[in-house]
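[1] Dropping a prediction and its sequence here:
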Amino acid sequence: MINQLISLLICLGIILVALSGFYLWWKRKPEKGLGAPEAPAIKKMKVLLFIMIVLGIIFPLVGLSLLVVFLIDWLLIQRISSVKNFLNA
């Protein structure tokens with residue numbers, strides 16, 4: 001019973017952190033867009049892309065999830081202008 005109560009408190013704490021993070025972001029975000037930082041320079045992007053490809057090969061589920069995110073970005077976000085403007089993509 002004590003173990004279950006401790007686990008419950010931990011789960012409630014994680015939920016509280018997630019909700020408060022969302023609330024704080026919502027209060028500070030700009031009127032237009034998400035307020036995300038600008039994309040890094042091209043040189044850094046090549047290194048990041050290389051690391052992502054290597055991790056995608058070593059860990060196939062990572063590669064699959066990266067592929068799904070890329071397809072969502074390419075097929076949906078980049079083609080719907082209102083979503084693209086909102087995300088500042």
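    That came through, no problem. Numbering: from 1, shown residues only.
[2] rest of the way, CA atoms for contacts and neighbours
    Noted.
[3] Number of residues surrounding residue 71?
    By other CA atoms under 10 Å, 12 other residues sit near residue 71.
[4] Could you list the buried residues of the helix or strand hosting it?
    Per DSSP states H and E: residue 71 is located in helix 60-72. For helix 60-72, a neighbour-count test (16 or more other CA atoms under 10 Å) marks 63, 66 as buried.
[5] from the chain's centre, how far out does it sit?
    Remark: helix 60-72 is offset 13 Å from the chain centroid, using CA atoms, centre = their mean, to the nearest Å.
[6] for that helix, packing partners?
    Applying 3 or more CA pairs under 8 Å, 6 or more residues apart in numbering; DSSP states H and E, we find helix 60-72 packed against helix 42-58.
[7] Report the buried residues of the helix it packs on.
    The neighbour-count check on helix 42-58 (16+ other CA under 10 Å) flags residue 56 as buried.
[8] Report the buried residues of stretch 71-87.
    For stretch 71-87, burial by neighbour count (16+ other CA under 10 Å) applies to residue 77.
[9] Residue 61 versus the residue sitting nearest the centre point of the chain, what's the distance?
    Nearest to the mean C-alpha position of the chain, by CA atoms, centre = their mean, lies residue 69 at 9.7 Å. For residue 69, the distance to residue 61 equals 12 Å [CA to CA, to the nearest Å].
[10] Which pLDDT value goes with residue 46?
    Residue 46 is assigned a predicted lDDT (pLDDT) of 85.
[11] Okay, it and residue 72: tell me how far apart.
    For residue 46, the distance to residue 72 (CA to CA) stands at 21 Å.
[12] Then residue 63?
    Remark: distance between residue 63 and residue 72 (CA to CA) = 14 Å.
[13] Show me how this structure divides into domains.
    Listed domain ranges for the chain are 1-30, 33-89 (source: automatic domain parsing).
[14] Mind telling me which of those domains the model trusts least?
    Here the domains of the chain differ in mean pLDDT, and the lowest is domain 33-89 at a mean of 83.
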